[in-house]
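Engineer: pasting a predicted model and its sequence here:
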Amino acid sequence: MTAPTIEYAELLPMLIVFGAAVVGVLVEAFVPRRARHAVQLGLALAALIAAFVQVVRLSGTEIVGAEGAVAVDGPALFLQGAILLLSAVSLLFFAERRLEGGGDAFAPGASSLPGSEAERTLVAQRVLQSEVYPLTMFAVGGMLLFPAANDLLAMFVALEVLSLPLYLLAGMARRRRLLSQEAALKYFLLGAFSSAFFLFGMALVYGFAGSVRLSDIDATLGARVGQEGLLLAGVGLIAVGLMFKVGAAPFHTWTPDVYQGAPTPVTGFMAACTKIAAFGAMARIFYVAFGGLRTDWQPMFWVIAILTMVVGAVVALTQNDVKRMLAYSSIAHAGFVLIGVVAADELGTASVLFYLVAYGFATVGAFAVVTLVRDAGGEATHLANWAGLGRRSPLVAGVFALFLLAFAGIPLTSGFVGKLAVFSAAIDAGAVLLVIVGLVTSAIAAFFYVRVIVLMFFTEPAPEGPTVAVPSAGTTVGIAVGVAATVALGILPGPVLDLAQQAATFVR
Amino acid sequence: MTLGEIGEQTVSTAGGVFSAAWLLIVFPLIGAAALLLGSRRLDRAYGVLGCMAPLASFVVAAALFVAMLGREPEQRAISVPLYDLFAVGDYQVGVGLLVDQLSIAFSLLITGVGSLIHVYSIGYMAHDENRQRFFGYLNLFVAAMLLLVLADDYLVLYVGWEGVGLASYLLIGFWQHKDSAAVAAKKAFVVNRVGDFGMSLAVMSMVVVFGTTAFAGVFPAAADASEGWLIAIGLLLLLGACGKSAQFPLQSWLLDAMEGPTPVSALIHAATMVTAGVYLVVRSAAIYAGAEPAQTAVVVVGTITALMGAIIGCAKDDIKKALAGSTMSQIGYMMLAAGLGPAGYAFAIFHLLTHGFFKAELFLGAGSVMHGMNDEVDMRRYGGLRTVMRTTYVTFAAGYLAIIGIPPFAGFFSKDSIIEAAFANNFVAGLGALVGAGITGFYMTRVMLMTFFGERRWAPDAHPHESPSVMTVPLWILAGLSLVGGAALLYVGGGIVQWLEPVTGEEHVELGIPVWAMTLVILAVVLVGVAVAWQIFGRQPLPVTAPAGSPVTVAARRDLYGDAVNEAVFMRPGQYLTRSLVYVDNRGVDGAVVGTASAVGQFSSRLRRWQTGFVRSYALSMLAGAAVVVIAMLLVRLP
C-alpha cells in the first residue's frame, strides 16, 4: 500500500487557514493575555490574505486532488476567494472595540453564568475573549472545504467543521446573553438533526452506488435498475441537510432565532459565508453527482424555492426587529439563489456564483451597520428605534438604505444584476414559473425594504432614540468595502460576471 | 468625405471654420451660465456680458456663412459630429450639427436680430432689478434655439425644442410678481406640452420606423417608408409645430405670452422661437414629400391661422396683443407656404426672415412707445405720438409698410411670393391668403393711426419722450432691414430661392394670370384694407373706452373664443377625467393595492405563528418537510 498523494499547492488555501486555526489555539495557550487579542487578529487576517493570494494564483486550476476527496476547480476557487474576502471583512467587525467601551461584541467569559458575579468581574477587568479568532478560522476552513469537497465524506466533515465553531460563536454575545445562548442551543440541536438527515442520505446513496465519490455516483446512476428507491430517498435526505444550511423553507425555522440571538458580527459572517459555502456544495453535488437525475429532483427544488421565496418575503413584512427582518430577507434570497441552482447548467452556476458574491457583501455590510445603532442596552434593533435615523445620521442611514436597495434589487446596485443573472438563467432553462414567483416576491420584499428607508428618512425621530456610535477604523473600512462592492457590482458588473462565467465549470 | 444625402445634396465634413461651429451654441451657453450662476456683482456689467455672447455667435455665424459662400452650391451642407450620446445595440444617437443653407440662414437671423434685441434690452431693462437674470434667460434661449436649428438628429433637435420652451416659459413669467404673467407662463407651458407630446411621439415613431432619428438616416429612408407611417409622423410633427408656432388649434397661448417683457415678445414670440414650427416642417420636407394628406393639413392649419390671427388683430386695443395676432397670422402664411411642398418651402423661409426683421422692428417700436408712456399698452390711451417720438414713429412706419406689403419694403416681396404660390396650387388657400393680406392692411393701419395719429388721448400723468439711443439704434437697423431686406434676399446673388434650392428642392407652378396682374390685385386688396381703416379710425375721433362693437368684434376681442373652446373641449373633460380617475384610483386601484397589502400582511401574520420559538416544533416542521421531500422524490419517479 502506497501513501496517498496530496496536492499540497492546490490545497494550500485550506491548509493555511486550518494551520492558522491550530496556531491560534496555541497562541491562546502561550501568549500573554495582554497581547493575545492583537496577535490573534493579526494571525487570522494574515492567514486569510495569504490564502486569498494563493487562491488567486491557483485560478484556472482544474484538478481532483487528495485521492479524489477534494476538487479544485472554477466554482470552488471562486467561492473560496469570496469566502476569504468576506471573512476578512467580518474579522474587522469582530475586532471592533470602540462601540462597547473597550469591549467587543463577545462575552468576556462565555462559560460564566449570565448575570453572575464572575461575569461582572470579567467585564470590569475588561477581559477580551480571543478564542473567537481560532474558532472563526476553523469555521472558515470548513467553509473553504465544503464547496470543494468531491466526495460525500469530505463534504460531511466540512459541514461539521464549519458548523461546530458557529454553534459556539452564536452563543457568545456580550449583551442579552440568555437569548444568545438559547440561539446557540437551538442552532446546535437543529444542526445536529439536519446533519443526521444528511448522514442518513449519504448512507442510502452509498448503499446504492457503492461509493461516496461524486463522479462514481454519477457513473452508477443509470447502471443499477430496480434500486432507485434507495438512491432517490438518499438524494432527498442529502437535499434536506443542505437546505437546512442555506436556510430554505421549511428548514429555515432556526434562521430568525439564531440570527437575532447571535452577536451581530457573527450573524453577518454566518449569513454571508455559510450560505456561500453551502450553496457551493449544493450546486456541486446536484450538478456533478445527481446531474443525471435532474428531472427527479428539479420538481422538489421548484417547490422548495417557491416556498422559500414566499415565506421569506411574506413573513419579513411583519417583523419589527432589524435583525429578524434581515434574517427573513436572507431566507428570501436563498430562494432566489435556488432559482439559479434549479437551472443546473453553466449559465445557472455562473449566475449563482455572482449572486452569492453580491449578496455576501451587502449582507456583511448591512449587519455591520446594525452594530452601529445603539442605545443604553446595546444595539437598538427594534425597528421603531430606527425612525428618523436619516435625519440624525444621514451617512449611516444612507449606507443602510443602499444595502436595502441592493437587497431589493434596484438597478445600479449589485442586487439588480444578481437577480437579472439568476432570472435570465432560469428563463433559459425553462423555469418561467419560478421567475414569475421570483418577481412577485421581489415586489413584496421591496415593500419591507423600502418601508425601512421610509422609516429612516421620512419619519419624525423618536425622542429617546438611539445614537449612532462612531466605529473604529476597521469597521469603517469594512463597511466601505461593502458599499464599494455593492455599487461597483451594480454599475460595472462586467469583470465579475465574466469571472463567474469562466469559473462556472465543475471538474468531475 | 460623403456622409449620405439630405434633401438633394450630399453632406460632407469639412475642417477650418466649420469645425468651430459648436462655438455658436457654446458662447450663449457660457453667457447664460455666467449670468445665472455667477455672482450678483456681474450685474454692474450686465449689458456687456449679456450682449457679448450673441454677438460672438453672430460673428461665428457670419464666418460660417462666408465660408459656405466659397463652396460649390452642392457642397454647402456640412456635418459637424461632436460626440456620441449613447449607443444601445443597433440604436445610437450622436450629437452633431448640420450646417447647411437652411440652418445658416436661421443662425444668422437668431444671432443677428437676437443681438440687436439684446442691445435694445440694455436700455429697456435698465431699471429692472433682475436684469442679470433676464439676460441669462435670453442667452439660454439663444443657445437652445441655435441647438434646435443646427441639430442633425431629431432627438437632439428635441432637446433644443424643449430648451426654447423652457426659456419661453421663464421669460413670459419673468415678472412673476404679476399674477397675469405667472398664469400666462403656465398657460404657454401647458399648451406647448400638447404640441411637444406630438413632437415626442413623432420622434418615437421615427425610432420605430427608421430605427434612427438622425437626419442622415431618416430622410433617405423616408422615400421607402409606408405612407401611413409618413402621414402619422407628418401629422405628429405638425402638432408639435402648432404648439410651438401658436397655430390653430394650439394658438391660444401666444396672446397671453405678451405678459413677458417686450424684447422677449420681439425675439421669442415674434422673430425666432415661434417660427420653429415652420423650420420643423421645412426641415422634414423628405417626410412630407411622401405624405400628401399631412401636407394638406399643414396648408389648412396655415390658412385658418392666417385669417384667425388677422381677425383677432383687428379688435385688440392692447398694442402688443394686436401685434401678437399679427404674428400668428404671418406664421400662418409661412405654414401655408410650407404646406405647398417644394413650391413653397423657400418662400416660407423667405417670409420667415423678412418677418423676423419687420416684426422685431414693430415689437421693439411698440416697446419704445410703452417705455415712453409709463408701460401703457392700451392704444386708446395713445394718439398723436408721431410728433413726440419721431424716431420710433419713422422706424415703426418702416415696419408697418413692410408688413402690409407696400413695395419696395421687405414684406411686399415675401408675402406676394406666398400668395402667388398659394393661388397657383390651390384657389381656396390663395383666396384665404389674399383676404388675409387685406385684413393685415386694415389692422396694421389701425395700430398706426391709433398710436401715432389723431388727438392725444394720453393718461394724465403720461409724459411721452423718445427712447435712449441704445434702443433707437437697433430700431434704425431693423427699419433699414425692413426696407431693403426683402429685395436683397430675393435678388442679391442668386436670391434666397436658389440658395435654399439644394435643401428644399424647387418646383414652379405657373399662375393662370400674369404675375404683374396678381401683384396689382394684391396691392389693391391691401389698399382697400388701409382705406377702410382710415375711414373708421383716421377721420373721426376715437373714444377712450372701447365701444360695444359688433358680434364679430366681440368675438375677436375674446380671441375668437379660443380659450372658451379650450375650456369646453379640453379643460372641462380633462377635469372630469382626472376626477373620475382619482375616484377610480382611490376606490379601485388603491383598494386593490391596499387590499393586496393587507391580505399579504394577514398571510404574513399567519405564517409568523409558525415561528413559535420552540425547538421541538422547529424540528417537527423539519421532519415533516424531510418526509415530504423524500416521498415526493419517490413519487416523481415511481409512476
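Structural biologist: Noted; the coordinates are in hand.
Engineer: can I take it that A:Val225 is in a strand?
Structural biologist: No: using DSSP: H, G, I helix; E, B strand; the rest coil, the secondary structure at A:Val225 is coil, not a strand.
Engineer: can you map out the strands along the stretch 1-150 of chain B?
Structural biologist: Secondary structure of the stretch 1-150 of chain B (DSSP state E, counting those that start in this stretch): strands at B:2-6, B:9-12, B:77-88, B:91-99.
Engineer: swap in the stretch 101-250 of chain A?
Structural biologist: Counting by DSSP E, counting those that start in this stretch, the stretch 101-250 of chain A contains no strands.
Engineer: name the residues of it found near chain B, please.
Structural biologist: Residues of the stretch 101-250 of chain A lying close to chain B (Cβ under 8 Å from any Cβ of the partner chain) are A:185-186, A:189-190, A:193-194, A:197, A:228-229, A:232-233, A:235-237, A:239-240, A:244, A:250. Glycine gets a C-beta too; all of them are placed from N, C-alpha and C.
Engineer: get me the contact residues on chain A for chain B.
Structural biologist: Near chain B, when you scan chain A using Cβ under 8 Å from any Cβ, you find A:185-186, A:189-190, A:193-194, A:197, A:228-229, A:232-233, A:235-237, A:239-240, A:244, A:250-251, A:253-254, A:256-257, A:295-297, A:299-300, A:303-304, A:311, A:314-318, A:444, A:447.
Engineer: list buried residues within the residues you listed.
Structural biologist: A:185-186, A:189-190, A:193-194, A:197, A:228, A:232-233, A:235-237, A:239-240, A:244, A:250-251, A:253-254, A:256-257, A:296-297, A:300, A:304, A:311, A:314-318, A:444 (16 or more other Cβ atoms under 10 Å in any protein chain shown).
Engineer: out of the residues of chain A next to chain B, which are inside helices?
Structural biologist: A:185-186, A:189-190, A:193-194, A:197, A:228-229, A:232-233, A:235-237, A:239-240, A:244, A:254, A:256-257, A:295-297, A:299-300, A:303-304, A:311, A:314-317, A:444, A:447 (DSSP state H).
Engineer: give the buried residues for the strand or helix carrying B:Leu623.
Structural biologist: Per DSSP states H and E, B:Leu623 falls inside helix B:615-637. For helix B:615-637, a neighbour-count test (16+ other Cβ under 10 Å) marks B:615, B:618-619, B:621-622, B:625-626, B:628-630, B:632-633, B:636 as buried.
Engineer: mind giving me the packing neighbours of it?
Structural biologist: For helix B:615-637, the elements it packs on are helix A:177-209, helix A:228-246, helix A:294-317, judged by 3 or more Cβ pairs under 8 Å, 6 or more residues apart in numbering or on different chains; DSSP states H and E.
Engineer: and those helices as JSON lines, adding distance to A:Val468 and mean pLDDT?
Structural biologist: Formatted as JSON lines, the helices and strands packed on helix B:615-637 follow (distance: least, Cβ to Cβ, whole Å; pLDDT from 0 to 100):
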{"stretch": "helix A:177-209", "distance to A:Val468": "23", "mean pLDDT": "93"}
{"stretch": "helix A:228-246", "distance to A:Val468": "32", "mean pLDDT": "92"}
{"stretch": "helix A:294-317", "distance to A:Val468": "24", "mean pLDDT": "91"}
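Engineer: save the ones you listed as CSV, and put in distance to B:Thr472 too.
Structural biologist: Formatted as CSV, the helices and strands packed on helix B:615-637 follow (distance: least, Cβ to Cβ, whole Å):
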stretch, distance to B:Thr472
helix A:177-209, 88
helix A:228-246, 85
helix A:294-317, 74
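Engineer: closest one to B:Ala564 among those helices?
Structural biologist: Closest to B:Ala564 of these is helix A:294-317 (Cβ to Cβ; 52.8 Å).
Engineer: which neighbouring elements make contact with the closest one?
Structural biologist: Judged by 3+ Cβ pairs under 8 Å, 6+ apart, helix A:294-317 is in contact with helix A:228-246, helix A:322-343, helix A:432-458, helix B:590-608, helix B:615-637.
Engineer: next helix or strand past the third one?
Structural biologist: This means helix A:432-458. Immediately after helix A:432-458, counting by DSSP H and E, sits strand A:467-468.
Engineer: for that following strand, which helices and strands make contact with it?
Structural biologist: Helices and strands touching strand A:467-468, by 3+ Cβ pairs under 8 Å, 6+ apart, are strand A:373-375, helix A:389-392.
Engineer: can you list the strands that that strand pairs with?
Structural biologist: Next to strand A:467-468 in the sheet, as set by DSSP bridges, lie strand A:373-375 (antiparallel).
Engineer: list the pairing partners of whichever helix or strand comes after the partner strand within its sheet, with orientation.
Structural biologist: The helix or strand immediately downstream of strand A:373-375 is strand A:378-379, counting by DSSP H and E. As defined by DSSP bridges, the strand partners of strand A:378-379 come to strand A:373-375 (antiparallel).
Engineer: what residues of the strand it pairs with count as buried?
Structural biologist: Using 16+ other Cβ under 10 Å as the test for burial, strand A:373-375 gives A:373-374.
Engineer: before we move on, what about stretch B:460-476?
Structural biologist: B:464, B:466-467, B:471-472, B:474-476.
Engineer: list just the nearest of these to A:Pro411.
Structural biologist: Nearest to A:Pro411, judged by Cβ to Cβ, of those is B:Pro474 at 52.3 Å.
Engineer: the closest one is in what secondary structure piece?
Structural biologist: B:Pro474 belongs to helix B:469-491, assigned by DSSP H and E.
Engineer: residues in contact with A:Thr441?
Structural biologist: A:309-310, A:312-314, A:332, A:335 (Cβ atoms under 8 Å, 6 or more residues apart in numbering or on different chains).
Engineer: I am finished for the moment; much appreciated.
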